[in-house]
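Participant: Based on what follows, work out the 3D shape:
(one chain, ligands or ions: 2)
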Amino acid sequence: MSVRVSSMSVLPPVRRDRIIAQLPPCFRKEAALHTKNDFNNKVRTACQEQRTGTVGFKISKVIVVGDLAVGKTCLINRFCKDVFDKNYKATIGVDFEMERFEVLGVPFSLQLWDTAGQERFKCIASTYYRGAQVVIIAFDVNDVASLSHVRQWLEDALKENDPTAVQLFLVGTKKDLSSPAQYSQMEQDALRMAQEISAEYWAVSSLTGENVKEFFFRVASLAFEINVLAELEKSGLRQIGDVVRINSNSNNLYATSKKKKQHDCCQ
Ligand SMILES: Nc1nc2c(ncn2[C@@H]2O[C@H](COP(=O)(O)OP(=O)(O)OP(=O)(O)O)[C@@H](O)[C@H]2O)c(=O)[nH]1
Ligand SMILES: [Mg+2]
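Facilitator: Ligands and ions are numbered 1, 2, ... in the order given. Next up, the predicted model:
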């Protein structure tokens, strides 16, 4: 009985292929959220000293948006289930998958929200955009129209979120369908777009699996890093806040006793 209870209440260990010990490199230096070779030093130290606060219990919300049939569902399914379906089945509204990682020894989870690209399901899907820490905008590298719609997707996603707090990725899909020459021509435009919207650029294929794991590892790592930095800042502020509170308390005491005196006087 107790065995059953514990096996139900304790999460299984993180999959061995979800362990991140090194910062995965960006895809293109010209369009990266940052180009450092390693995790922020403060983050590494905090993880070593187990000073990551609530990050180990955190689930970061990631939303994947973009035109219909660009391959959002396939991308998530390739990463989470290692499968690929060549038949198109439109996402109606939203779906989500949980992915658990261990980054620098600290558990960290992503909740990956797969949203509908079809216009008629978009209004349902957009109600799930709120509270995203990461926004992934997907486009098809073989379809210039899908790249030109990226700004609209961004605007819709940011309406529901704090634009300064969101980490943005621009992902070109179906790389397997494009010849090297076609691809490199398209990449110029995609890199420009990524720079304009301050997104990190990636190109992937869910059919072959090219760059899929690398991409999600990068997403998890950068989301983790920013969470730990925010936690460190918060605990720093808390310490400063305590000092302020002691000071203001003594001020209050002073003010109270003074007031009391005045009050006594008046009586
Ligand atoms: N060759 C190739 N085909 C792909 C790739 N990714 C997706 N597809 C195909 O593109 C079609 C659409 O893929 P989905 O993942 O369902 O597209 P979606 O963006 O989720 O579409 P909505 O849910 O309608 O927004 C399917 O037929 C997939 O098999 C890829 O990397 N390579
Ligand atoms: Mg879909």
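Participant: Could I get the full set of strands for the chain?
Facilitator: 19-20, 59-65, 94-103, 106-115, 134-140, 167-173, 200-203 (DSSP state E).
Participant: now those strands in JSON lines, with distance to ligand 1, mean neighbour count and mean pLDDT?
Facilitator: C-beta: built from backbone N, CA, C; applies to glycine. Shown next, in JSON lines, are these (distance: least, Cβ to the nearest ligand atom, whole Å; neighbours: other Cβ atoms under 10 Å; pLDDT from 0 to 100):
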{"stretch": "strand 19-20", "distance to ligand 1": "24", "mean neighbour count": "17", "mean pLDDT": "98"}
{"stretch": "strand 59-65", "distance to ligand 1": "8", "mean neighbour count": "23", "mean pLDDT": "97"}
{"stretch": "strand 94-103", "distance to ligand 1": "9", "mean neighbour count": "18", "mean pLDDT": "96"}
{"stretch": "strand 106-115", "distance to ligand 1": "7", "mean neighbour count": "22", "mean pLDDT": "97"}
{"stretch": "strand 134-140", "distance to ligand 1": "6", "mean neighbour count": "26", "mean pLDDT": "98"}
{"stretch": "strand 167-173", "distance to ligand 1": "5", "mean neighbour count": "25", "mean pLDDT": "98"}
{"stretch": "strand 200-203", "distance to ligand 1": "10", "mean neighbour count": "23", "mean pLDDT": "98"}
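Participant: Can you lay out the ones you listed as CSV showing distance to Leu222?
Facilitator: As requested, these are exported to CSV (distance: least, Cβ to Cβ, whole Å):
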stretch, distance to Leu222
strand 19-20, 11
strand 59-65, 10
strand 94-103, 10
strand 106-115, 11
strand 134-140, 8
strand 167-173, 6
strand 200-203, 8
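Participant: Quick one: closest of those to Arg28.
Facilitator: With Cβ to Cβ as the measure, strand 200-203 is the member of the strands of the chain nearest Arg28 (5.3 Å).
Participant: For that closest one, enumerate the helices and strands it packs against.
Facilitator: When contacts are defined as 3 or more Cβ pairs under 8 Å, 6 or more residues apart in numbering; DSSP states H and E, strand 200-203 packs onto strand 167-173, helix 180-197, helix 212-266.
Participant: I'd say Arg78 and Glu210 touch.
Facilitator: No: between Arg78 and Glu210 no contact is recorded; they are 9.9 Å apart, counting by Cβ atoms under 8 Å.
Participant: out of these two, which sits in the more crowded spot?
Facilitator: Set side by side, Arg78 and Glu210 show more neighbours around Arg78, with 23 against 15, by other Cβ atoms under 10 Å.
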